[in-house]
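Asker: Take this sequence and fold it.
(3 chains)
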Amino acid sequence: MKSHTVYRTLETAERREFVRITEDVQAAVDAAGIAEGMALVSAMHITAGVWVNDDEPGIQADALEWLDKLAPPSWKEPANQVAAGLSPDPGDYRHHRGGEDNGDAHLKNLLVHHQVIVPVTEGRLDLGPWQAIFYTEFDGRRAKRLVIKVLGE
Amino acid sequence: MKSHTVYRTLETAERREFVRITEDVQAAVDAAGIAEGMALVSAMHITAGVWVNDDEPGIQADALEWLDKLAPPSWKEPANQVAAGLSPDPGDYRHHRGGEDNGDAHLKNLLVHHQVIVPVTEGRLDLGPWQAIFYTEFDGRRAKRLVIKVLGE
Amino acid sequence: MKSHTVYRTLETAERREFVRITEDVQAAVDAAGIAEGMALVSAMHITAGVWVNDDEPGIQADALEWLDKLAPPSWKEPANQVAAGLSPDPGDYRHHRGGEDNGDAHLKNLLVHHQVIVPVTEGRLDLGPWQAIFYTEFDGRRAKRLVIKVLGE
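Answerer: Okay, here's the model as predicted:
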């Protein structure tokens, strides 16, 4: 079994941002020199995720608006009454007692999930035609790490 | 390390449908001839997921009703005021500007997640007594693919 | 390729509880004797999950309050009107027709996801500085099993 590990540091310009990383993951597979196996792609932070979906800006805007309703930030007004009802009842996230303001990003991390495993077949990421891999940042503007671990033969 | 890859094409009769695939995954493990390893089960589309849960029709009906509130389709009336509040604010999903009507299915894919990894021990899927594997279709009635990748020894 | 499988039985004192298992997973990696590979950590029940996040009590209390709004239990009053709107429309979960009362726990399992894969590098879990692994119980007070499967070399 061969293994190859790549760390990538991302520092997004926006607080929340989706960054396409499909090509980074394929490059890690190429460097690993495997034909059959898998690539584990995992955010190393707890306020970011990894998502496989369509590379279509409308979907990303839809997803961000919707995630802000399901897991509302406390640093801006709730989008509507439903978002207000899904906000924390103590008035603010308990997590913010330590001075943080990213409680919502932890919950978005839960919904999006922090990792994916991509199958590798004949040396290529075995994705469907519309599947692209995105790093999903929910508390950016600072250097954060992602690990890509390729295992196979 | 041995590897074995199986593609399955599913075309559901209903737009949304849960299809039990536990036996397909075990068959792939059998064909791989491994004793210890794992089976990666991944939808190759971005409007379907893979879920491990109880094979009990009540749960599936509960889950679908609930997912339609959390990520409301725009091709039918919102179930109630909460579902209306979780619908997109522009009036329709931005993704639909290209002629699609499956924006909700992309968000359901995010919630359900598009893949699972099942441990394989002594040649068998190492699942709990009530765990079954389901392909969860949210935009069906057309041929869609699933990949099962078995790795181990 | 080496493999090593550990089962752990957890019986939480509370109905819902987050149990830190990072050290159990590292112990399984140590016992496997691998340097490079991965650890698959998977709940063997359908009303529990596995979550990688900060070991901070405020986040856990935030997450549980929020999950009770998104996937409301029927054995207590809905937290507010939004939680009432996300409760099942038949008046109770269909799953409860068989005598169960844990329909919400199945939906929380869907949101949290029942498993994670942790990369292993130079014999250590390759986690970020704030990433800890938790077993997330949503219907406890009885013996339930977790499988840790380590694969690598």
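
Asker: for chain A, which residue is closest to the average position?
Answerer: residue A:49 (2.2 Å; CA atoms, centre = their mean).

Asker: residue contacts, that one?
Answerer: Listed by CB atoms under 8 Å, 6 or more residues apart in numbering or on different chains, the contact set of residue A:49 reads A:43, A:108-109, A:111-115, A:135-136, A:138. The C-beta positions use only the backbone N, C-alpha and C, and glycine is treated the same way.

Asker: Equivalent analysis for residue A:52, please.
Answerer: If you count contacts by CB under 8 Å, 6+ apart, residue A:52 has them with A:116, A:118, A:127, A:131-134, B:46, B:114.

Asker: Which of the residues you listed sits closest to chain C?
Answerer: Sorting those by distance to chain C puts residue A:116 at the head of the list, at 9.4 Å, by CB to the nearest CB.

Asker: thought the closest one was touching residue B:115?
Answerer: Yes: under the criterion of CB atoms under 8 Å, residue A:116 makes contact with residue B:115 at 6.8 Å.

Asker: What's the first helix or strand after the helix ranked longest in chain A?
Answerer: Scanning chain A for the longest helix, with DSSP state H as the assignment, gives helix A:57-70. Remark: after helix A:57-70, the chain's next helix or strand is helix A:81-86, criterion DSSP states H and E.

Asker: Pull out the buried residues from that next one.
Answerer: Within helix A:81-86, the residues that count as buried by 16 or more other CB atoms under 10 Å in any protein chain shown are A:82-83, A:85-86.

Asker: tell me which of the residues you listed is nearest to residue B:65?
Answerer: In terms of CB to CB, no member of the buried residues of helix A:81-86 lies closer to residue B:65 than residue A:82, at 17.1 Å.

Asker: so what's the closest one up against?
Answerer: Residues in contact with residue A:82 (CB under 8 Å, 6+ apart) are A:69, B:81-82, B:85-86, C:82, C:85.

Asker: Turn the residues you listed into JSON lines, including pLDDT and distance to residue A:92.
Answerer: Formatted as JSON lines, the contacts of residue A:82 follow (pLDDT from 0 to 100; distance: CB to CB, whole Å):
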{"residue": "A:69", "pLDDT": "98", "distance to residue A:92": "18"}
{"residue": "B:81", "pLDDT": "98", "distance to residue A:92": "25"}
{"residue": "B:82", "pLDDT": "98", "distance to residue A:92": "22"}
{"residue": "B:85", "pLDDT": "98", "distance to residue A:92": "21"}
{"residue": "B:86", "pLDDT": "98", "distance to residue A:92": "22"}
{"residue": "C:82", "pLDDT": "98", "distance to residue A:92": "18"}
{"residue": "C:85", "pLDDT": "98", "distance to residue A:92": "23"}
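
Asker: want to try CSV for the contacts of residue A:52, with pLDDT as columns?
Answerer: Below are the contacts of residue A:52 laid out as CSV (pLDDT from 0 to 100):
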residue, pLDDT
A:116, 98
A:118, 98
A:127, 98
A:131, 98
A:132, 98
A:133, 98
A:134, 98
B:46, 95
B:114, 97
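
Asker: Just flag the most distant two among these.
Answerer: For these, the farthest-apart pair by CB to CB is A:118 and B:46; their separation is 13.7 Å.

Asker: Break down chain A into its helices, ranges please.
Answerer: Under DSSP H, chain A gives helices at A:22-32, A:57-70, A:81-86, A:103-112.

Asker: Output the contacting helices and strands for the first one.
Answerer: Read it as helix A:22-32. strand A:2-10, strand A:37-43, strand A:124-125, strand A:132-137, strand A:144-152 (3 or more CB pairs under 8 Å, 6 or more residues apart in numbering or on different chains; DSSP states H and E).

Asker: Which other helices and strands does the shortest one contact?
Answerer: Which is strand A:124-125. Of the remaining helices and strands, those touching strand A:124-125 by 3+ CB pairs under 8 Å, 6+ apart are helix A:22-32.

Asker: between the helix it packs on and strand A:37-43, how many degrees?
Answerer: 130 degrees (axes from the mean of the first three to the mean of the last three CA atoms, to 10 degrees).

Asker: Show me what helix A:22-32 is in contact with.
Answerer: Residues from elsewhere that reach helix A:22-32 (CB under 8 Å, 6+ apart): A:2-4, A:6, A:8, A:39, A:41, A:118, A:120, A:123-125, A:127, A:132-133, A:148, A:150, A:152.

Asker: do stretch A:85-95 and chain C meet?
Answerer: Yes: using CB under 8 Å from any CB of the partner chain, we find that stretch A:85-95 touches chain C at A:85-86, A:88-89, A:93-95.

Asker: pLDDT averaged over stretch A:57-67 - what is it?
Answerer: Stretch A:57-67 shows a mean pLDDT of 98.

Asker: Next to chain C, which bits of chain A? Give me the list.
Answerer: For chain A, the contact set with chain C under CB under 8 Å from any CB comprises A:1, A:3, A:5, A:40, A:42-46, A:70-71, A:81-82, A:85-86, A:88-89, A:93-98, A:103, A:106-107, A:109-111, A:113-115, A:117, A:145, A:147, A:149, A:151.

Asker: tally of neighbours for residue A:90?
Answerer: Counted with other CB atoms under 10 Å in any protein chain shown, the burial measure for residue A:90 works out to 13 neighbours.

Asker: same question, residue A:141
Answerer: A count of neighbours around residue A:141, defined by other CB under 10 Å, yields 13.

Asker: same question, residue A:67
Answerer: Residue crowding around residue A:67 was assessed by other CB under 10 Å; the count is 23.

Asker: repeat for residue A:6
Answerer: 18.

Asker: give the contact list for it.
Answerer: For residue A:6, the contacting residues are A:24, A:27-28, A:31, A:147-148, A:150, taking CB under 8 Å, 6+ apart as the criterion.
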